[in-house]
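Novice: Quick one, fold the following:
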Amino acid sequence: MKKWGFLLVFALFIVFIFNILPISQDKVELYEQNDITATENTQKIELTKEHIYQGNLLLVNNEHPVHQKSIKSDVINLYTHKELTNGYGLLDNEIKLSEEIAEKFSELIANAKKDGVFHFLISSGFRDLDEQSRLYEKMGSDYALPAGRSEHNLGLSLDVGSTQKKMEEALEGKWIEKNSWEYGFILRYPLDKTDVTGIQYEPWHIRYVGLPHSAIMQDMNLALEEYLDYLKEEMSISVSVDGKKYTISYYPISQNETIDVEIPVDEHYEISGNNIDGVIVTTFS
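Specialist: Next comes the predicted model:
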């Protein structure tokens, strides 16, 4: 009886350990944040309401539509930029995407090829509002979102397929789901998050959010909605991803409000709104 009791306790201990260990094998680690002191050299950045609707962490859905200022300004036709399409195909010659995101995706493709996975195809990228409207009229609400309510209207999302099989069965789909976070991408509509996103499982739809956010979301198994709520609740977190330290801070911004934020002068920073009510500042050195 004692033996069975010991085995039960040991099994529960193992379950506990596996639940708390980061799935990315300690690539993401929370650490205590040191407050900026008055003696440090700092730079001041100004946050306004305009920042709420710009950046890589914007939440776009039926409740939170795309603003004109949210659309990436560097959208290009991939068919005319052959240097960015090495290693994958295009469904047609009208696939568009943010040039910055296309460069990130090219890096992802190059590393997938090293793992022997190389039958990738982009079937859809950026869509302007007119194109989204036509798609919605053609496909209906079960398969498309109204104009301005789709992530494809941002330039940050793309639909990635395999030339071999359906994405949910293909090596390409499995590789994307496991590894895309390392390049700043997330699987936007996972199978286990349909109740959170309100969208059916889409193994082909990936979205760029950038590091360290993609790593944290992968590590904590958070959809974008959950991650933004997490940052709003915590207000500020500090993490180490592959040894590189980041501090991520959320700032609520009300109508016509301006907030001054000080960060050390020797640190870089990125700003993104959440498309709802606040701005996330990510600093790193």
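
Novice: Look up how far T194 lies from the nearest residue to K138 once chain neighbours are set aside.
Specialist: Nearest residue to K138 in three dimensions, chain neighbours excluded: A144, at 7.6 Å (C-beta to C-beta, 6 or more residues apart in numbering). Glycine gets a C-beta too; all of them are placed from N, C-alpha and C. As judged by C-beta to C-beta, to the nearest Å, A144 and T194 stand 17 Å apart.

Novice: hang on, the residue nearest to K138 is in a strand, isn't it?
Specialist: No - A144: not assigned to a strand; according to DSSP: H, G, I helix; E, B strand; the rest coil it is coil.

Novice: What residues does it make contact with?
Specialist: Q132, L135, Y136, K138, S150 (C-beta atoms under 8 Å, 6 or more residues apart in numbering).

Novice: Give me the domain ranges for this protein.
Specialist: 24-57+221-285, 65-208 (automatic domain parsing).

Novice: want to throw the contacts of A144 into TSV with secondary structure?
Specialist: Converted to TSV, those look like this (three-state DSSP):
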residue	secondary structure
Q132	helix
L135	helix
Y136	helix
K138	helix
S150	coil
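
Novice: Tell me the one among those nearest to N41.
Specialist: The closest of these to N41 turns out to be S150 (C-beta to C-beta; 43.4 Å).

Novice: from the domains of the chain, which stretch is densest packed?
Specialist: Each of the domains of the chain was scored by mean neighbour count; the highest is domain 65-208, a mean of 18, by mean count of other C-beta atoms under 10 Å.

Novice: now the strands for this protein?
Specialist: In the chain, the segments counted as strands under DSSP state E are 28-30, 42-47, 75-77, 88-90, 96-98, 120-124, 157-162, 185-189, 202-208, 236-241, 244-252, 259-264, 268-273, 278-284.

Novice: For E226, find the nearest of those strands.
Specialist: strand 185-189 (11.4 Å).

Novice: Where does pLDDT dip in the stretch 1-150 of the chain?
Specialist: 1-26, 32-40 (pLDDT under 70).
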